[in-house]
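structure of the sequence below:
(one chain, ligands or ions: 1)
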Amino acid sequence: MSLANKKIILGVTGGIAAYKAAELCRLLIKAGADVRVVMTAAAQQFIGPLTFQALSGKPVLTSLWDAASGDGMEHIHLSREADLLLVAPASADFLAKLAHGRADDLLSTLCLARACKLAVAPAMNREMWSAAPTRRNLEQLQVDGVSLLGPAAGEQACGETGLGRMLEPADIVAALPGLLGAGPLAGKRVLITAGPTFEAIDPVRGLTNLSSGKMGYAVAQAAAEAGAEVCLVSGPTCLATPAGARRIDVQSAADMRRAVLAELPADVFIAVAAVADYRVDVAAAQKIKKSTDAMTLQLVANPDILAEVAALPHAPFCVGFAAETERLAEQAEAKRLKKKLPLLVGNLAQDTLGQDTAELVLFDDRGQHRLPRADKLIQARALIRHLVNHLN
Ligand code: C5P
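Here you go, the predicted structure:
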């Protein structure tokens, strides 16, 4: 992961995740970045500036008024010279300030005066994250072109569990080359489907499957890290949108097909979604009443989105996924040839569905490539590296 010669201002705001910013600072420097740390007053309640001074080898800036001791324009110079302003952790209060363009301390002033990219890694309690004012502020920040890194879901310092944890420092660092347009997929449009589909039976019931969306979301994250412009067309999941990806939510296979076709052209199409092969021919307009009689649902085949996209005259480079319960190699390769795909990823459904890890086999014209069991994000990054080799 190279950030060689990139000038990064690391802004640290007040939250318990501030202690993780020390590790982040170390990893940024290890990746080759030139790091200057700016801390808010609240951040200094959690961790001392000396820690960052030792790690970055440079004095830490903490006050707008100290900065004014030079020519008084330190905030302008710093942000003009930087390639990236990264605020991690970004507290709910700091996001609110950013969304309103307030500039009452050095870090917020730098953000407002910047001429470089701004990325924030939010960290807060899950209730604060889902609170209406935070939602409004985030919408505004996205409109303003601020890149959002995370947050992740999991255990929180307050003892609760949910969305709001700061992304792990290594994941933040991995996302930066893509943000800075330095990845191997820079300038490429990558369209990805993920998750299950939901085929309505009546207004309250439907047919779906056990896909969690984890693999597709990991692929979207890895593609964004590699610098691609990523559009993620997602069936119903409860996952956070990966940093740098634009997400379109859909329900049925027909919705997914429409969204995918509307997003073309693309350079690459990666179909990770577990699309229902059948839908109910005519969904009931009203809730079907219970009865003791047997019930028959008339199902009709859904369109195969991947096969349709792969057959287009200016088709993107298409990657399929195949989850099988037996004879993986034989069935996956047959599927690849039938759908005319340059690359297909096979896995055993029972070993993968809903899990955080997967064991994958990549099938292409050169044969089979095994990716032994690992975290889905690690597998997704390996898949993207393999894809980049194909494109080259
Ligand atoms: O034929 P099968 O459904 O096993 O193929 C799986 C691959 O095809 C996956 O990449 C999946 O996303 C894609 N697919 C699709 N539309 C369908 C069914 C599968 O895009 N209706």
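
only C-alpha atoms from now on, for both contacts and neighbour counts.
Fine.

for stretch 164-184, give the mean pLDDT please.
Summarised as a single mean, pLDDT over stretch 164-184 is 89.

and that stretch, how far apart are its ends?
30 Å (C-alpha to C-alpha, to the nearest Å).

stretch 277-286: how far from the chain's middle?
32 Å (C-alpha atoms, centre = their mean, to the nearest Å).

show me what counts as buried in that stretch.
Neighbour-count burial for stretch 277-286 flags Tyr278, Arg279, Val280, Ala283 (criterion: 16 or more other C-alpha atoms under 10 Å).

helix or strand: which one has the second one?
Just to be clear, that refers to Arg279. strand 278-280 (DSSP states H and E).

any idea what the residue nearest to Lys376 when sequence neighbours are not counted is bridged to?
Excluding the flanking residues, the one nearest Lys376 by C-alpha to C-alpha, 6 or more residues apart in numbering is Thr357, at 5.0 Å. In this entry, Thr357 is beta-bridged to Asp375, by DSSP bridges.

now Arg279: how far from Leu343?
27 Å.

could you do Ile29 as well?
Separation of Ile29 from Leu343 (C-alpha to C-alpha) stands at 36 Å.

so how far is Phe321 from Lys20?
Relative to Phe321, and taking C-alpha to C-alpha, Lys20 is found at 36 Å.

for burial, what's the neighbour tally of the residue nearest to Lys376?
Under the neighbour criterion other C-alpha atoms under 10 Å, Thr357 is assigned a count of 19.

and the furthest pair within the buried residues of stretch 277-286?
By the measure C-alpha to C-alpha, Tyr278 and Ala283 form the most distant pair in the buried residues of stretch 277-286, at 12.4 Å.

in the stretch 51-200 of the chain, which spans are helices?
Taking DSSP state H, counting those that start in this stretch as the test, the helices found in the stretch 51-200 of the chain are 64-67, 74-81, 92-99, 106-113, 126-130, 132-143, 169-179.

what does the stretch 251-392 of the chain give?
253-263, 305-310, 328-338, 349-352, 376-391.

tell me which of these sits nearest to Thr161.
Nearest of the helices of the stretch 251-392 of the chain (C-alpha to C-alpha): helix 376-391, 21.3 Å.

of Lys20 and Phe321, who's got more company?
Neighbours were counted for Lys20 and for Phe321 using other C-alpha under 10 Å; Phe321 has more, 24 against 17.

is the more buried one bridged to anything, and to what?
Residues in beta-bridge contact with Phe321 (DSSP bridges): Val345.

for it, what are its contacts?
When contacts are counted by C-alpha atoms under 8 Å, 6 or more residues apart in numbering, Phe321 touches Ala271, Val272, Leu344, Val345, Gly346, Asn347.

buried ones among those residues?
Ala271, Val272, Leu344, Val345, Gly346, Asn347.

pretty sure the first one contacts Gly195?
No. No contact is recorded between Ala271 and Gly195 when judged using C-alpha atoms under 8 Å, the distance being 10.0 Å.

who does the strand holding Arg279 pair up with?
Strand 278-280 has these strand partners (DSSP bridges): strand 299-301 (antiparallel).

which residues touch Leu86?
Leu86 neighbours (C-alpha under 8 Å, 6+ apart): Ile8, Ile9, Leu10, Gly11, Leu118, Ala119, Val120, Ala121.

where's the fourth one, which helix or strand?
Under the criterion DSSP H and E, the helix or strand holding Gly11 is strand 7-12.

show me which of the contacts of Phe321 neighbour the ligand.
Among the contacts of Phe321, the residues within reach of the ligand (C-alpha under 6 Å from any ligand atom) are Ala271, Val272.

as JSON lines, the contacts of Phe321 with pLDDT would be great.
Putting the contacts of Phe321 into JSON lines (pLDDT from 0 to 100) gives the following:
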{"residue": "Ala271", "pLDDT": "98"}
{"residue": "Val272", "pLDDT": "98"}
{"residue": "Leu344", "pLDDT": "98"}
{"residue": "Val345", "pLDDT": "97"}
{"residue": "Gly346", "pLDDT": "95"}
{"residue": "Asn347", "pLDDT": "91"}
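
from the contacts of Phe321, which is closest to Glu326?
For these, the nearest to Glu326 is Asn347 (9.7 Å; C-alpha to C-alpha).

about what we covered before: can you add distance to Ala131 and give the contacts of Phe321 back as JSON lines?
Output for the contacts of Phe321, formatted as JSON lines (distance: C-alpha to C-alpha, whole Å):
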{"residue": "Ala271", "distance to Ala131": "33"}
{"residue": "Val272", "distance to Ala131": "32"}
{"residue": "Leu344", "distance to Ala131": "41"}
{"residue": "Val345", "distance to Ala131": "39"}
{"residue": "Gly346", "distance to Ala131": "40"}
{"residue": "Asn347", "distance to Ala131": "39"}
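
show me which residues of the chain sit near the ligand.
271-275, 277, 302-306, 320-322.

many thanks, I have nothing further to ask.
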